[in-house]
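Visitor: From the sequence below, what's the structure:
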Amino acid sequence: MAAAHPTLGTLLRGLRQRHNWTLKEMSAKCGIPVSTLSKVEHDRLTLTYDKLVQLSQKLGLRMSELFAEDDGAPGEVPITARRSVGQLDRAVRVETPNYDYYYLCPELRKKRMIPVLTRIRAHSVQEFGELVHHSGEEYVYVLEGAIEVHTEFYDPVVLGVGESLYIDSSMGHAYLTARDCDEAVLLAVMSSAEDDLMTALMGLHNNDDERRGSAL
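Guide: Okay, here's the model as predicted:
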């Protein structure tokens, strides 16, 4: 029988066990209370983006290493037939002023594609702030509501449910709710030749508050 897909809790526990840390020792290293770490490991609590950043920085890890299983023994032939069931309650949620992101299938290491369910709240470019750029390409498909897509080199385009867009992510872009739409939900899939796309994407959230604040 196939093993269950790891949750953030099992990944965190595996990281701690690989370093032979007790919960108390990990707590001392990262500054997160033992009770909080214990609840996360038992899947009774998740961590906010700020806490994930704190954890990775204090432990000297890249963000993507928090969402990765052990690579196995040195020299072991990798198995490429990977599979992950993308359940929303196991997604890594990141809240920003403009979006709520749900990073799906977070337990897979070095993914070539990053699937993200995104809830959009920003209504204007002024509210959104500076357009975002990152390496690679992305595809977005509207699941609920309607969005207005602003890009660096094209006129804005409105997409409704069932419509989609594929863009070069290095081009400045912003996803907004369309007129008369309070919120919209889309599925985005990002890809890049870079090895650590997930870390690069999550790093953008550090600047989201600054972009929003400069626009208000």
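Visitor: For the rest of this, base every contact and every neighbour count on C-alpha atoms.
Guide: Noted.
Visitor: What distance do you get for the residue nearest to T7 when sequence neighbours are not counted to D43?
Guide: The shortest distance from T7 to any non-neighbouring residue, by Cα to Cα, 6 or more residues apart in numbering, is to R90 (6.1 Å). For R90, the distance to D43 equals 9 Å [Cα to Cα, to the nearest Å].
Visitor: who touches both of those two?
Guide: 7-8 (Cα atoms under 8 Å, 6 or more residues apart in numbering).
Visitor: Comparing those two, which shows the higher neighbour count?
Guide: Per other Cα atoms under 10 Å, whichever of R90 and D43 has more neighbours is R90, with 21 against 14.
Visitor: residue contacts, that one?
Guide: Listed by Cα under 8 Å, 6+ apart, the contact set of R90 reads 7-8, 104-105.
Visitor: do you know how far it is from R62?
Guide: 20 Å.
Visitor: ok, of the contacts of R90, which one's closest to L117?
Guide: L104 (7.3 Å; Cα to Cα).
Visitor: How confident was the prediction at the closest one?
Guide: Here, the pLDDT recorded for L104 equals 89.
Visitor: Contacts only, for it.
Guide: Neighbouring residues of L104 by Cα under 8 Å, 6+ apart: 86-88, 90-92, 114-117.
Visitor: Now it, what are its backbone angles?
Guide: Backbone geometry at L104, expressed as degrees, to the nearest 10, gives phi -90, psi 160.
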